[in-house]
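Asker: Based on what follows, work out the 3D shape:
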Amino acid sequence: MTENTTETPAPRTVLVTGGNRGIGRSIAEAYREAGHNVCITYRSGEAPEGFFAVRADVTDSASIDEAFQQIEAQFGPVEILVANAGVTKDTLLLRMKEADFADVVDTNLTGAFRVVQRAAKGFLRKKFGRVVLISSVVGLYGSPGQINYSASKSGLIGIARSLTRELGSRNITANVVAPGFIDTEMTAVLPEETQQQYLDSIPAHRFGSPEEVARVVRWLTGDDAGYISGAVIPVDGGLGMGH
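Answerer: Numbering: from 1, shown residues only. A predicted model of the protein is given here:
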């Protein structure tokens, strides 16, 4: 008589950029709860306890390479990459300086390219890789005063789909998660009237939680989602209706 045993999957090496606060912090915590080796990059502030944290700037290729070298020395190649680091510099088109546009795109879009390109080396060695790019409903829906941010976030879809076509045969997937209005420090400081306007536009009539985004990201890199690639998963309470 044989005894049935369920093997616990081996922990993966996970990197979450911008993982020291907000949605990124919740994503990192979700992976830690699942028993993975979780690494985060952060540019400013304090490194949270419980993670292998490396100070890095996604606008600097040398900084990113140094961060990966430290992670690889500790845990081996990154197997799951969540590109979450991002900034905003909101203002209306006619007031927006070219530097405001370029800086946001360099962090949110080119920054994602830098970390994906560096991670791909390890993916190919391991013959396994999972990428999730954290976009926004604004990247699909548009928003006044956020032409730079919207452009940077919609560009992530092109990265995910092109990466899928380039490396999909190597057991590498790339997907996009597009959060809507999430209950973070950024939404908490909005005037009550503005918050109410946002709530009125969301079919679910509530803000999402960072944990709800994190669980979708974690699922998307797990075994159950191994045949999903090039997809855009909205976590927005129905705000964008998939667009």
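
Asker: check contacts around residue 217.
Answerer: With contacts taken as C-beta atoms under 8 Å, 6 or more residues apart in numbering, residue 217 has the following neighbours: 27, 30, 82, 132, 134, 177. In short, each C-beta sits where N, CA and C put it, glycine included.

Asker: element containing residue 40, please.
Answerer: Take DSSP states H and E as the rule and residue 40 turns out to sit in strand 37-42.

Asker: just to revisit the earlier point, show me which of the contacts of residue 217 are buried.
Answerer: Neighbour-count burial within these applies to 27, 30, 82, 132, 134, 177; the criterion is 16 or more other C-beta atoms under 10 Å.

Asker: Describe which strands the top strand by length along the chain pairs with in its sheet and in which direction.
Answerer: Longest strand in the chain by number of residues, with DSSP state E as the criterion: strand 172-179. The sheet places strand 172-179 alongside strand 129-134 (parallel), strand 232-235 (parallel), with pairing taken from DSSP bridges.

Asker: what's in contact with the first one?
Answerer: When you say that, I think you mean strand 129-134. Contact partners of strand 129-134, identified using C-beta under 8 Å, 6+ apart, comprise 23-24, 27, 79-84, 86, 112, 116, 119-120, 122-123, 156, 159-160, 163, 167, 170-177, 179, 213, 217, 220-221.

Asker: and if you look at the last one?
Answerer: Applying C-beta under 8 Å, 6+ apart, the contact partners of strand 232-235 are 135, 137, 140, 157, 160, 175-180, 182, 208, 212-213, 216, 220, 240, 242.

Asker: for the protein, what spans make up the helices?
Answerer: For the chain, the helices defined by DSSP state H cover 22-33, 61-75, 98-105, 111-126, 137-141, 147-167, 185-188, 192-201, 210-220.

Asker: name the helices or strands packed onto the shortest one?
Answerer: What it means is helix 185-188. For helix 185-188, the contact count by 3 or more C-beta pairs under 8 Å, 6 or more residues apart in numbering; DSSP states H and E identifies no helix or strand as a packing neighbour.
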